[in-house]
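# missing the sequence, but the structure's below:
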Ligand SMILES: C=C(O[C@H]1C=CC=C(C(=O)O)[C@@H]1O)C(=O)O
């Protein structure tokens, strides 16, 4: 199916207090940009340093060796399969205030042609196949993703795409090169892990509902999510796996018994903020990330079986989607978000990815709709109004 998009709607006028996002100054396609609720990091690799491209398991040692002076950071991306990474080594990272609300009401947005890959019917068939496996074997959950290929009528710039992503409750806004001529760009809600001194934090998410522009409907959806047996089960699998992976590193780990409902601009999610104190302060943020990734928020349960099912049922390689985006400094502190609600941009092309956790009680049509809702994080930023 190919869909041409309708003309863009105008953005809201700027509000008092809005200021332009701090990107225009010295942000190139090679810059790793990571915006969090508390700060923004812009990191360019040092001239003499090539990016690290090793598997996740090798990164804790390699990054410790490479960050030989205080103030240096390694920042960038790690693939879903954890086999590859692309981390820039920077001795002059720039830290600044959070990215603010979008400040654009005169941009000329491109026109797009959009092609689902796979087609929705093929995604539905994959979900049903996964449910057959869940019904007959040890598989309990698998996250199945699909993608949209977008073609613009002119070349795209990272800066223009990024300028439209910030919003008051978008948590991790990012752009980072995946190769010489392509970048991953997105707005993820989910923190895989952060480490600051001995303090460790993670906020696993699973269980989702699309938000509504009608406040009454919006609240009703959040309430329904909080009491949905299917979503609470899907969520519990992630929390248990995360708590189990972190426990050996921590002398204290606080795991709330019930999830909360967290809003992004487009979705409600069940989320559980877990905090801990490291037993061994030498465990750096990448060591913790390697122990956790991939959680059942992006893979499934049991993990190795879910990986096989993903390989068998997803026709498009995930690459950096559902991998990690983040940074680590010379002290071993850092934060790694899951690379979700994102797309790979290259020239005039953009490939978006979105997945949904499939469990025994999943309704395939609802899971397809959930992936459509997740696409809308980026589609809305691109001023594309369609439901695929
Ligand atoms: C896999 C994705 O979302 C994960 C994160 C939050 C909620 C999820 C869910 O409800 O299925 C997913 O586990 C995605 O956005 O592509």
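Received the coordinates, thanks. Not measured: the values here are computed from a predicted model.

# State the distance from whichever residue of the stretch 201-350 of the chain sits closest to the ligand to residue 300.
When Cβ to the nearest ligand atom is the measure, the stretch 201-350 of the chain has its nearest residue to the ligand at residue 208, with 3.5 Å between them. To be clear about C-beta, it is placed using only N, CA and C from the backbone, and glycine gets the same treatment. In this structure, residue 208 lies at 16 Å from residue 300, with Cβ to Cβ, to the nearest Å as the measure.

# List the buried residues of stretch 113-126.
114, 116, 118, 120, 123, 124, 126 (16 or more other Cβ atoms under 10 Å).

# now the last one, nearest residue through space, not along the chain?
Going back to what we said before, that points to residue 126. Spatial nearest neighbour of residue 126, chain neighbours left out: residue 313 (4.3 Å); criterion: Cβ to Cβ, 6 or more residues apart in numbering.

# Quick check: residues of the stretch 51-200 of the chain near the ligand?
Near the ligand, the residues belonging to the stretch 51-200 of the chain are 143, 145, 190 when assessed by Cβ under 6 Å from any ligand atom.

# I'd like a version of the residues you listed in JSON lines, one that adds pLDDT, secondary structure and neighbour count as further columns.
As requested, those are exported to JSON lines (pLDDT from 0 to 100; DSSP: H, G, I helix; E, B strand; the rest coil; neighbours: other Cβ atoms under 10 Å):
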{"residue": "143", "pLDDT": "98", "secondary structure": "strand", "neighbour count": "26"}
{"residue": "145", "pLDDT": "98", "secondary structure": "strand", "neighbour count": "22"}
{"residue": "190", "pLDDT": "96", "secondary structure": "coil", "neighbour count": "24"}
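
# Closest to residue 39 out of the residues you listed?
Distance to residue 39, by Cβ to Cβ, is smallest for residue 190 among these, at 17.8 Å.

# Isn't the closest one up against residue 208?
No - counting by Cβ atoms under 8 Å, residue 190 does not reach residue 208; the two are 11.0 Å apart.

# shared neighbours of the two, which are they?
A shared contact of residue 190 and residue 208, defined by Cβ atoms under 8 Å, 6 or more residues apart in numbering, is any residue touching both; here these are residue 269.

# can you pull the contacts of residue 151?
By Cβ under 8 Å, 6+ apart, residue 151 lies in contact with 112, 113, 114, 115, 348, 349, 350.

# can you pull the pLDDT of the spatially most central residue of the chain?
Centroid-nearest residue in the chain: residue 340, 2.3 Å away (criterion: Cα atoms, centre = their mean). Per-residue confidence for residue 340 comes out at a pLDDT of 97.

# What does it show for phi and psi?
According to degrees, to the nearest 10, the main-chain angles of residue 340 amount to phi -120, psi 170.

# residue contacts, it?
Residue 340 makes contact with 186, 188, 189, 190, 298, 321, 322, 354, 374, according to Cβ under 8 Å, 6+ apart.

# The residues you listed in helices, which ones?
Using DSSP state H, the members of the contacts of residue 340 that fall within helices are residue 374.

# which among the contacts of residue 340 gets closest to residue 283?
Relative to residue 283, and with distances defined as Cβ to Cβ, the nearest of these is residue 190, at 20.9 Å.

# contacting residues around the nearest residue to residue 285 once chain neighbours are set aside?
Excluding its sequence neighbours, the residue lying closest to residue 285 (Cβ to Cβ, 6+ apart) is residue 334, at 3.3 Å. The contact partners of residue 334, by Cβ under 8 Å, 6+ apart, come to 73, 194, 195, 284, 285, 286, 326, 327, 328.

# Up against the ligand, what does the stretch 251-388 of the chain have?
Going by Cβ under 6 Å from any ligand atom, the residues of the stretch 251-388 of the chain near the ligand are 269, 297, 298, 340, 341, 354, 355, 356, 357, 374.

# and the end-to-end length of stretch 328-338?
Using Cα to Cα, to the nearest Å, one end of stretch 328-338 lies 15 Å from the other.

# before we move on, what about stretch 154-172?
When the end residues of stretch 154-172 are compared by Cα to Cα, they are separated by 27 Å.
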